[in-house]
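Colleague: give me a 3D structure for the following:
(2 chains)
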Amino acid sequence: AQKVTQAQTEISVVEKEDVTLDCVYETRDTTYYLFWYKQPPSGELVFLIRRNSFDEQNEISGRYSWNFQKSTSSFNFTITASQVVDSAVYFCALSTSGGGNKLTFGTGTQLKVEL
Amino acid sequence: ETGVTQTPRHLVMGMTNKKSLKCEQHLGHNAMYWYKQSAKKPLELMFVYSLEERVENNSVPSRFSPECPNSSHLFLHLHTLQPEDSALYLCASSQDREGTPNTQYFGPGTRLTVL
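Modeller: Sure, this is the predicted structure:
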């Protein structure tokens, strides 16, 4: 069975601070895929990144970066120099090659960025 | 143009009403999904359609009835709902390839309130 844990329910930061959102996953499959989605107040889940289990390279996209560590089963997400527009709920998700296209989501982390 | 659209965005219905939610994807994908998002709970997968055939029904009550007339459209027919069915209903689509979980792209959701 797959499981995704996002232990941080809510985080509040002041604009321009860096913030890291934690994601820990569990799976017995050796081939799996990890995702991050952003859900702003409008409701739509916006895809941010997809990473497969064979690619442990960290990734940077603008102010966003992701740290994938198989040794600790973690796929953490860092926002550098946060902005008010980053305020949203962020979801980490997992799918496996043996699980079809089923996504297992974490419970999400509410990020509030204040001026 | 938004990749996945959903109508209506908001719906209020009584327990004896019959209504339908509509989802349309403009991404050329061959798989579509319905999810339910309730407060304080992880996203729950309800139904999966691949190549217009239902491949997953996650023990959803029969008062929810999906329909996928073609690869671009997905409906969720609702009847005799309960107040606990009030939630955000999200539609998603992906390009389904055997053995490879692919990125799901989500619509903005329909906020359903059952009185």
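Colleague: only C-alpha atoms from now on, for both contacts and neighbour counts.
Modeller: Will do.
Colleague: residues from chain A in reach of chain B?
Modeller: Along chain A, the residues adjacent to chain B under the rule Cα under 8 Å from any Cα of the partner chain are A:33, A:42-47, A:50, A:95-98, A:100-103, A:105-108.
Colleague: repeat the analysis, applying 7 Å as the threshold.
Modeller: If contact is defined as Cα under 7 Å from any Cα of the partner chain, the residues of chain A in contact with chain B are A:42-47, A:95-97, A:100-101, A:105-107.
Colleague: show me which of these is closest to B:S65.
Modeller: Looking at the residues of chain A next to chain B and their distance to B:S65, the nearest is A:N101, at 20.7 Å (Cα to Cα).
Colleague: neighbouring strands for the lowest-mean-pLDDT helix or strand in chain A, and are they parallel or not?
Modeller: For chain A, scoring each helix and strand by mean pLDDT, DSSP states H and E identifies strand A:59-61 as the least confident one, at a mean of 88. Taking DSSP bridges as the criterion, strand A:59-61 sits next to strand A:64-69 (antiparallel) in its sheet.
Colleague: could you point out which element follows the partner strand?
Modeller: Heading C-terminal from strand A:64-69, the first helix or strand you meet, by DSSP states H and E, is strand A:74-79.
Colleague: helices or strands next to the very next helix or strand once past that following strand in the packing?
Modeller: Towards the C-terminus, the helix or strand next in line after strand A:74-79, according to DSSP H and E, is strand A:88-96. Counting by 3 or more Cα pairs under 7 Å, 6 or more residues apart in numbering or on different chains; DSSP states H and E, the packing neighbours recorded for strand A:88-96 are strand A:32-39, strand A:104-105, strand A:109-114.
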